[in-house]
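Visitor: Attaching a predicted model along with its sequence, questions to come.
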Number of protein chains: 2
Amino acid sequence: MTTDPLVVFTPSGKRGRFPAGTPVLTAARQLGVDLDSVCGGRGICSKCQITPSYGEFPKHGVSVADGALSEWNAVEQRYDDKRGLKPGRRLGCQAQIVSDVVIDVPPESQVHKQVIRKAASARAITMAPATRLYFIEVTEPDMQEPTGDLERLAQALKAQWEIDSVTADLSLMGKLQPALRKGKWQVTVALHKGHRDSAHRIIDIWPGLHEGGLYGLAIDLGSTTIAAHLTDLETGEVKASSGLMNPQIRFGEDLMSRVSYAMMNSGGDKEMTGAVRSALNDLTSAIADEAGIDAALIVETVFVCNPVMHHLLLGLDPVELGQAPFALATSDALELPASELELSTMNPRARVYVLPCIAGHVGADAAAVALSEEPGRSEDLVLVVDVGTNAEIVLGNTTRVLACSSPTGPAFEGAQISSGQRAAPGAIERVEIDPATKEPRFRVIGSDLWSDEPGFDKATAVTGITGICGSGIIEAVAEMRMAGLLDDSGLIGSAAQTGTARSVPEGRTHAYLLHDGSADGGPVITVTQGDIRAIQLAKSALYAGARLLMDEMGVDRVDRVVLAGAFGAHISTKHAMVLGMIPDCPLDKVTSAGNAAGTGARIALCNADARVEIERVVREITKVETAIEPKFQDHFVAANAIPHKTDPFPELAKVMTLPQVAFNTGGDGEHGGGRRRRRRA
Amino acid sequence: MTTDPLVVFTPSGKRGRFPAGTPVLTAARQLGVDLDSVCGGRGICSKCQITPSYGEFPKHGVSVADGALSEWNAVEQRYDDKRGLKPGRRLGCQAQIVSDVVIDVPPESQVHKQVIRKAASARAITMAPATRLYFIEVTEPDMQEPTGDLERLAQALKAQWEIDSVTADLSLMGKLQPALRKGKWQVTVALHKGHRDSAHRIIDIWPGLHEGGLYGLAIDLGSTTIAAHLTDLETGEVKASSGLMNPQIRFGEDLMSRVSYAMMNSGGDKEMTGAVRSALNDLTSAIADEAGIDAALIVETVFVCNPVMHHLLLGLDPVELGQAPFALATSDALELPASELELSTMNPRARVYVLPCIAGHVGADAAAVALSEEPGRSEDLVLVVDVGTNAEIVLGNTTRVLACSSPTGPAFEGAQISSGQRAAPGAIERVEIDPATKEPRFRVIGSDLWSDEPGFDKATAVTGITGICGSGIIEAVAEMRMAGLLDDSGLIGSAAQTGTARSVPEGRTHAYLLHDGSADGGPVITVTQGDIRAIQLAKSALYAGARLLMDEMGVDRVDRVVLAGAFGAHISTKHAMVLGMIPDCPLDKVTSAGNAAGTGARIALCNADARVEIERVVREITKVETAIEPKFQDHFVAANAIPHKTDPFPELAKVMTLPQVAFNTGGDGEHGGGRRRRRRA
């Protein structure tokens, strides 16, 4: 009695015995090894490349010699001549098992390959896209068995890939017959599997083997900016990233202005919907051009957005979101054809997935942050803050996750700041103020040099120094506080009080002169008392939201803080803490997660199981509504000081001592926090 | 111990004991009695009307007295004042059981009420439409439980109607919030349940109780005419029937000309698709106007059509249907949004159901005939013939069902006939020829008088006598044969041979003068040798198709014949038999089923279960392709004589003897069947 050869696959470690002559791909499938194949083992797609390992493998107890696999064959030779195979590689569908062998499946041959995310703390994304390619051979039509071409194609998918419930819309049916005949009854189909039902929709069809790839868009649709990542749905690679301003800005800078516009103007919601959809069409074309791909290969798009943008994207009137009880028309995740959103520049049958909204003020963007940062899997109590025009705030650990949204307003993005501007070349993004001399130095976007370093003038000659962006104003205010130019109530001292001529009078208050470019015809950039007040309002709203969640959780402190959002990536954690934007926490436990909402969108794009997961998580999240919660107002008012006084900051105190200063101007009519403090009293 | 009162429902006979105070509707539901309710027992829809029976009911063993139900209440009084209740009627949701009672559910209160069909032999249609109305009360939004309005509506359907898997498209979501608020959280929804999945789609929503009804269209989309029946989806009543010419006629009279048009003209298929969709939109508006209903209440449409019309309706290029192997793009039944067919004048979310095609030449119209006539449930072997430009032929009994299509051409519809015209006022539709005098008499559409009856001239003065329609030409040819004006090869005798001056020379052949209106400036209507030949070709094709199915079934005769189609309703069975259109059969076993395809469409419209049924039946039907079957040619050639000679006609012989005549013109170059007979030899 002979024993069949033993096959061991790495890295999975799966093993089994197979009769000599069994193709490696067949063995892999029977063992459930994750080995890709689009052509189903016909030697044409090359997705099933493997590397046989020769020599001793004591770990697996298998001794392997050359000859353990069948000889290099003509199909492999042809493929190698035409496209080239890496040294040592074989095609898993061609190479047959001869004797005991260890087979390595390289990452690019795995269906569920992992995509490494940039943030060090982040888990990799496992590829499991909803849309995949399948190569099939379809039976030719026969008058004796007069089924339709679509039905025979469905039979082929069933027989060759064990796929059921295949459907197609009319536009696809129109492409079917020419493609089948041109491909001589061999075609590649892109199939989208819904994550909530078993239907497989044919998104597109190509004669023969389609080698042009499949792509998806992950879109973070913000109130101010729209950011898109064009992603390869086979490898997970981001081929291009692109952004543009949300054209709805002309209807209102912030969300509530847009809701008002819809309320006050009949058809106003439709106007805004049309504007954003048109921008998305432009963005799709532009990003495809940038990546050098055909936009028709974009077969999926995932959206994350706040509830108002969610409704305006979907063509739903957002008026109910403008008033209590802030009822969403729909809160669940949506899976729908892109054509229903008039997204006409991608594949005409592309599918859209919109993450679920958590509540009327807590949107799919917050859900995306939860998907990306996974507070529910954290043993530590983690606070995730995604700062934009609205801040999405999520607090949780393995026991419970809470979420709210807080109306920080646009100050953190440089809007409503006297010299404010969006983050763009020429904007001051970093600020330091010498506590002794009270003199500033700064850096502008587009140069790595500080303003007091040699070559700075030359480096900034092209862009100029045009204003101050969100991260710049935060650093400026925090630095002013650290340098004693600002008291803890947020009041800027006079030149006499601060001892620097940079404290210049402005009306009944003072401003700090950061940069005077007037000699060269440039702007004079100051931080005014009004700017301080705007930042105080924004940071108080952010802190109050976080504090409300902590109250709900019954805790006084958090273990770690994640700053998310494009803005979170640029903010200095120390300055954020000095400002009192976030609760006290060891500085090394405050990290930046980059654009967590965008990452959440990418995860949902690359992995359909993640859609099931986030829908479950959102159902379990405790929603906290800031707008009607009296405690929010209390926290908001109390958080006005810099840093606020209600909670102790022992961790901040470990690394720095803020000067104790108090300016008295004899009246606080223009005082940043006074009015609100009085209200609370 | 007291015993709960006994309730017996008629006509179902279902019975059970319920605690005193149980509403009748509740008892009915628990027993599975078919008692309608849209409002769910709130006393506002009046669908649950019942009639309590008082007195002795020995059959049920229950003695019932007045007082067996609770007293007439305020809700019933209000309803009666407002709308009126028939005497004796109660609202099932208001009347409570007090003691033993027999409750009759009148037909109009049954959900699955039966609609009586006109044809005596036909089964009634049981109402079980895919789209139904549900009245619900939706929980108001709450910031503590911030689900969307759609999700709360779905919860209400689950709680109040046990309905799961509710979905809605974006256009419906846009109507949701205003309707809920206008209806004070009470709304009626029209829900469409797919017959292949468990999804319930919200088709429309109305504030409060919607009392405007729901409608559907059953459309028989023929090559020549489009016929539609507007049907009440609650009662099954046909509210209006309307038809118009298929505007595709300008691209080709018959199907193959249209396929050619698509082949020869780039974009030709799209032109034809546009034309038919536009006509359907006009037809929808017109039929709604005729019935006096809002076209937006049309929420479902069922189509039956031949494969070429099927593809052109769906926007699929029909070119593959023009050549062997006649591959359909898709053969299965389709359930899709009306908007995908650009049907824009009905409800924007209306659903379309297209019956399955049986084969490349045997369409959804044949499937509809099978659904209507149910050959598979017949103990007798039944031949169903639906005559149009193509004839759909179905043969079967409980053991097996076969189907084919035969290209009869348009002669049976009066086209390609020298004096032919479509069936319209002024057309000769009935013909008799006196065997002794050879003189004709006839009737024209629009008058009940024969042409030799007093008042005929006056009765036809308005329309005139304009031509001869399909049924007229068939009767004329059969009568000519019976009167000895025609020999069995189809040759018209000369005046000398036939002994009548109505045999007039026409070229090398003769014609029979049916009517000379030239004195009044009207047409001269003759039956020419060419007309005879056209009818011979058509009837040979029809007979050959039937005969092919009989061969396949292994039989020489059928038990009964059903003539279907608008044309079938007007044809004289005796004349059809004389002509040899159909196989020999006792004349009383030849019946007309009216528009069986249209009836099949109505059944599929009114009863979603029938869709499952016909899809199963179609899978089991044996498809016979006439176009490539050599025996079809043999039968076709052999069937050319009048009646044909290959099969005996004992049943026809029982009721009449055809004269034995033979005309010899010394040459048969213009002879109807000669050429083909030679080919066969």
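Guide: That came through fine.

Visitor: where does the residue in the stretch 451-600 of chain A positioned nearest to chain B land in three-state SS?
Guide: When scored by Cβ to the nearest Cβ, the stretch 451-600 of chain A has residue A:552 as its residue closest to chain B, at 12.0 Å. Bear in mind the C-beta positions are built from the backbone N, C-alpha and C, glycine included. On the three-state scheme (DSSP: H, G, I helix; E, B strand; the rest coil), residue A:552 is labelled helix.

Visitor: What's the separation between it and residue A:649?
Guide: Separation of residue A:552 from residue A:649 (Cβ to Cβ, to the nearest Å): 22 Å.

Visitor: what residues does the stretch 51-200 of chain A put near chain B?
Guide: A:140-144, A:146-151, A:168-171, A:173-174, A:176-177, A:197, A:199 (Cβ under 8 Å from any Cβ of the partner chain).

Visitor: Please indicate which of these are buried?
Guide: A:141, A:143, A:146-151, A:168-170, A:173-174, A:176-177 (16 or more other Cβ atoms under 10 Å in any protein chain shown).

Visitor: Now for the residues you listed: which two are most distant?
Guide: A:143 and A:169 (27.5 Å; Cβ to Cβ).

Visitor: next one: the helix or strand encompassing residue A:537 to chain centre, how far?
Guide: In the assignment (DSSP states H and E), residue A:537 maps to helix A:529-553. The chain centroid and the centroid of helix A:529-553 are separated by 24 Å under Cα atoms, centre = their mean, to the nearest Å.

Visitor: So which residue is dead centre in chain A?
Guide: Most central in chain A under Cα atoms, centre = their mean is residue A:598, positioned 1.3 Å from the mean C-alpha point.

Visitor: does that one sit in a helix, a strand or a coil?
Guide: Applying three-state DSSP: residue A:598 is helix.

Visitor: swap in the one 3 residues further on?
Guide: Each residue gets one of three states, and residue A:601 gets helix by three-state DSSP.

Visitor: Just list the residues touching the closest residue to it other than its chain neighbours, thanks.
Guide: Nearest non-adjacent residue to residue A:601, counting by Cβ to Cβ, 6 or more residues apart in numbering or on different chains: residue A:218, 3.8 Å away. By Cβ atoms under 8 Å, 6 or more residues apart in numbering or on different chains, residue A:218 lies in contact with A:228-229, A:231, A:301-302, A:598, A:601-602, A:604-605.

Visitor: Residue A:248 in helix, strand or coil?
Guide: helix.

Visitor: So what's the residue count around the closest residue to it other than its chain neighbours?
Guide: Once flanking residues are discounted, residue A:248 sits nearest to residue A:272: 4.9 Å by Cβ to Cβ, 6+ apart. Neighbourhood size, residue A:272 [other Cβ atoms under 10 Å in any protein chain shown]: 29.

Visitor: what's near enough to touch residue A:272?
Guide: A:248, A:251, A:258, A:261-262, A:312.

Visitor: how about low-confidence regions in the stretch 351-500 of chain A?
Guide: Within the stretch 351-500 of chain A, no range satisfies pLDDT under 70.

Visitor: In it, which residue sits nearest chain B?
Guide: residue A:359 (3.5 Å).

Visitor: That residue against residue A:625, yeah?
Guide: Yes: between residue A:359 and residue A:625 there is a contact under Cβ atoms under 8 Å: 6.4 Å.

Visitor: which residues are common contacts for the two?
Guide: Shared contacts of residue A:359 and residue A:625, counting by Cβ under 8 Å, 6+ apart, come down to A:326, B:143, B:146.

Visitor: Need those residues in CSV (columns: secondary structure, distance to residue B:132 and pLDDT).
Guide: Converted to CSV, those look like this (DSSP: H, G, I helix; E, B strand; the rest coil; distance: Cβ to Cβ, whole Å; pLDDT from 0 to 100):
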residue, secondary structure, distance to residue B:132, pLDDT
A:326, coil, 33, 89
B:143, coil, 34, 81
B:146, coil, 30, 82
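
Visitor: Turn these into JSON lines, including distance to residue B:475.
Guide: Shown next, in JSON lines, are those (distance: Cβ to Cβ, whole Å):
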{"residue": "A:326", "distance to residue B:475": "75"}
{"residue": "B:143", "distance to residue B:475": "78"}
{"residue": "B:146", "distance to residue B:475": "74"}
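
Visitor: check which helix or strand covers whichever residue of the stretch 551-681 of chain A sits closest to chain B.
Guide: Using Cβ to the nearest Cβ, the closest approach of the stretch 551-681 of chain A to chain B is made by residue A:625 at 4.5 Å. Using DSSP H and E, residue A:625 falls within no helix or strand.

Visitor: so residue A:99, which of the three states?
Guide: The local conformation at residue A:99, judged by three-state DSSP, is coil.

Visitor: Is it correct that residue A:591 is in contact with residue A:562?
Guide: Yes: counting by Cβ under 8 Å, residue A:591 sits close enough to residue A:562 to count as a contact (5.7 Å).

Visitor: between those two, who's got more neighbours?
Guide: residue A:562 (26 against 16).

Visitor: How about the secondary structure of that one?
Guide: Applying three-state DSSP: residue A:562 is strand.

Visitor: mind listing what it touches?
Guide: Contacts of residue A:562 (Cβ under 8 Å, 6+ apart): A:373, A:382-385, A:568, A:590-593, A:596.

Visitor: now the host helix or strand of residue A:241: how far from the chain's centre is it?
Guide: Taking DSSP H and E as the criterion, residue A:241 maps to strand A:238-245. Offset of strand A:238-245 from its chain centre (Cα atoms, centre = their mean): 12 Å.

Visitor: counting contacts, what elements does it pack onto?
Guide: strand A:225-232, helix A:268-291 (3 or more Cβ pairs under 8 Å, 6 or more residues apart in numbering or on different chains; DSSP states H and E).

Visitor: mean confidence for the helix or strand following it?
Guide: Next helix or strand after strand A:238-245 toward the C-terminus (DSSP H and E): helix A:255-264. When pLDDT is averaged over helix A:255-264, the result is 89.

Visitor: Then stretch A:655-675?
Guide: Rounded mean pLDDT across stretch A:655-675 is 63.

Visitor: Flag the shaky bits of chain A, pLDDT-wise.
Guide: A:1, A:54-66, A:116-123, A:566-568, A:645-646, A:665-681.

Visitor: Give me the domain ranges for it.
Guide: According to automatic domain parsing, chain A comprises the domains A:6-109, A:130-207, A:215-354.

Visitor: how many neighbours does the residue of the stretch 351-500 of chain A closest to chain B have?
Guide: 27.
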